[in-house]
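>>> Let's see this in three dimensions:
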Amino acid sequence: MQELFDKMKEYLNMDTEISFEEFDDYYKKVVAFLNDNWKELNEEDTMHMLFILDNLKSNGEDRAKRKGKEAKKYAKMAQRAEIWANALIGRLREAGLTDEEIGKRYEAIYEAV
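As a prediction, this is how the structure comes out:
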């Protein structure tokens with residue numbers, strides 16, 4: 001989990017954009033991790049994963065608008081990232097967090113990166 005979060009921080013601090021292949025590879029690693037571990041994530045890791053998914057979603061949506069040959073693939077990745085993010089938000093709500101608390105924790109992660 002920490003490796004995925006660190007990689008996202010690295011991507012966000014880059015001056016250049018990663019290739020489709022690297023984006024796709026990272027996305028697949030995130031989804032594979034979630035498929036195997038999402039139920040066992042603690043609150044902190046869930047928040048970090050939410051941060052990762054939100055960035056994948058927004059970047060995927062942005063890249064899908066460019067109408068390149070991978071536009072549909074980016075759009076699908078963004079949609080799946082949103083589905084996963086909604087599932088994690090649901091788990092945080094079940095754990096007793098309000099949307100306001102989730103938002104504050106997310107902002108703290110965003111500001112730290």
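
>>> Helices of the chain, start to end?
2-12, 20-37, 43-64, 71-94, 99-112 (DSSP state H).

>>> which residues are in contact with stretch 52-69?
4-5, 8, 11-12, 20, 23, 26-27, 30, 70-72, 74-75, 77-78, 81-82, 84-85, 88, 106 (C-beta atoms under 8 Å, 6 or more residues apart in numbering). Using the backbone N, CA and C atoms, a C-beta is placed for each residue, glycine as well.

>>> how about the nearest residue to the residue most central in space within the chain, chain neighbours excluded?
For the chain, L53 is the residue whose C-alpha lies nearest the centre (C-alpha atoms, centre = their mean; 1.3 Å). The shortest distance from L53 to any non-neighbouring residue, by C-beta to C-beta, 6 or more residues apart in numbering, is to A85 (4.2 Å).

>>> Neighbours of that neighbour, how many?
18 (other C-beta atoms under 10 Å).

>>> Kindly report the same for the one 5 residues further on.
G90 is surrounded by 10 other residues when neighbours are defined as other C-beta under 10 Å.

>>> Now do the same contact list for it.
By C-beta under 8 Å, 6+ apart, G90 has no neighbours at all.

>>> From Y74, how far out is it?
Here G90 is placed at a distance of 25 Å from Y74 (C-beta to C-beta, to the nearest Å).

>>> Just give me how far stretch 76-95 sits from the chain centre.
Offset of stretch 76-95 from its chain centre (C-alpha atoms, centre = their mean, to the nearest Å): 9 Å.

>>> Ok, stretch 24-31 next?
On C-alpha atoms, centre = their mean, the centre of stretch 24-31 falls 10 Å from that of its chain.

>>> Would you mind pulling the contact partners of that stretch?
By C-beta under 8 Å, 6+ apart, stretch 24-31 touches 4, 7-8, 11, 18, 49, 52-53, 56, 60, 73, 77, 80-81, 84.

>>> The same query, at a cut-off of 10 Å, please.
Residues from elsewhere that reach stretch 24-31, judged by C-beta atoms under 10 Å, 6 or more residues apart in numbering: 1, 3-4, 7-8, 11, 18-19, 38, 49, 52-53, 56, 59-60, 70, 73-74, 76-78, 80-81, 84.
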